[in-house]
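Novice: need a structure here:
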Amino acid sequence: MNLPLQEAARRMNLGGVLLYPTETFFGIGCRADNDDAVLRVFHYKKRSLSMPLPVILGSREQLELVACPGPDLADDVAALSAFWPGPLTLLLPAASGLPEALTGGTGHIAARVSSHPVARALALACGFPVVSSSANISGRPAVTRAADLDPDLLRSLRPDEDGVLDEPPAPGGGEASTIVAPEGGRRLRVIRKGALPLSELEQAGFSLLSSSLTEVRA
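Specialist: Numbering: from 1, shown residues only. This next block holds a predicted model:
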């Protein structure tokens, strides 16, 4: 079921769900604008629809396809994009027309440019950001090798529509990305501490605020 990159992208563009490597673990995803495929990601993972799904961008330019930060946040987003590719996820107002399940009805989208070249290449080949949740059934461990993917998860895939993209480098494990919500004026609401040290954001001139928002989980 292992697919080359272009075939994986072709299937995604036709509504397929793919398992693919990210910088930390294998991910499961689809085109972020495909309602049916997004719901299948939830179904395959047995994940609650109340938990929004983050997305991976192939480049900074793809951000406008899923987020609409507005002029008040434009300078902050431009400065934060200097950390991409890298383990920084921005929680921003979602663009219109995205599947409601993707945002959990919050009106916000969590997006990053992955530091994994295959994950970025997949989003670029699709021409659209891709959903990125850990490729595991909820409550079971995430994995760094395709050989360790959950057999129950693999059996749920549709052989002619879905598939596995397993190209090096292998995921490296470790901490998930740091998640922040820009509030304008170089202020950031910290949603989740992660792989990017908060001190690097402070050194870049941002002030950090604690958060009462629900954490975005992969």
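Novice: so who does residue 16 touch?
Specialist: 30, 37, 158, 161, 162, 163 (CB atoms under 8 Å, 6 or more residues apart in numbering). Quick note: C-beta positions are derived from backbone N, CA and C, even for glycine.
Novice: for the fourth one, which non-adjacent residue is spatially closest?
Specialist: By that I understand residue 161. residue 16 (4.5 Å; CB to CB, 6 or more residues apart in numbering).
Novice: just the pLDDT at the one you found, thanks.
Specialist: At residue 16, the model reports a pLDDT of 98.
Novice: what do you get for residue 193?
Specialist: Taking residue 193 on its own, its pLDDT is 95.
Novice: just to revisit the earlier point, neighbour-wise, which one of the contacts of residue 16 leads?
Specialist: residue 30 (29 neighbours; other CB atoms under 10 Å).
Novice: correct me, but that residue touches residue 38?
Specialist: Yes: judged on CB atoms under 8 Å, residue 30 makes contact with residue 38 at a distance of 6.2 Å.
Novice: what is in contact with those two at once?
Specialist: The contact sets of residue 30 and residue 38 overlap at residue 131 (CB under 8 Å, 6+ apart).
Novice: how about the helices in this structure?
Specialist: Under the criterion DSSP state H, the chain contains helices at 5-13, 35-45, 63-66, 71-80, 100-103, 117-126, 151-156, 198-203.
Novice: just the ones of the contacts of residue 16 in strands?
Specialist: Judged by DSSP state E, these include residue 163 as members of strands.
Novice: gap between the residue nearest to residue 161 and residue 70?
Specialist: 33 Å (CB to CB, to the nearest Å).
Novice: check contacts around the residue nearest the centre of the chain.
Specialist: Centroid-nearest residue in the chain: residue 55, 2.7 Å away (criterion: CA atoms, centre = their mean). Shown in contact with residue 55 (CB under 8 Å, 6+ apart): 29, 32, 66, 102, 109, 110, 111, 129, 130, 131, 132.
Novice: repeat for residue 89
Specialist: Contacts were defined as CB under 8 Å, 6+ apart; by that measure residue 89 touches 54, 110, 111, 112, 177, 178, 179, 180, 192, 194, 216.
Novice: in stretch 2-10, what counts as buried?
Specialist: 3, 8, 9 (16 or more other CB atoms under 10 Å).
Novice: per-residue pLDDT of residue 212, please?
Specialist: 54.
Novice: wait, I meant residue 2
Specialist: What the model reports for residue 2 is a pLDDT of 87.
Novice: any idea how far it is from residue 56?
Specialist: Applying CB to CB, the value for residue 2 to residue 56 is 20 Å.
Novice: residues contacting the nearest residue to residue 95 once chain neighbours are set aside?
Specialist: Excluding its sequence neighbours, the residue lying closest to residue 95 (CB to CB, 6+ apart) is residue 68, at 4.8 Å. Taking CB under 8 Å, 6+ apart, we find residue 68 in contact with 92, 93, 94, 95, 96.
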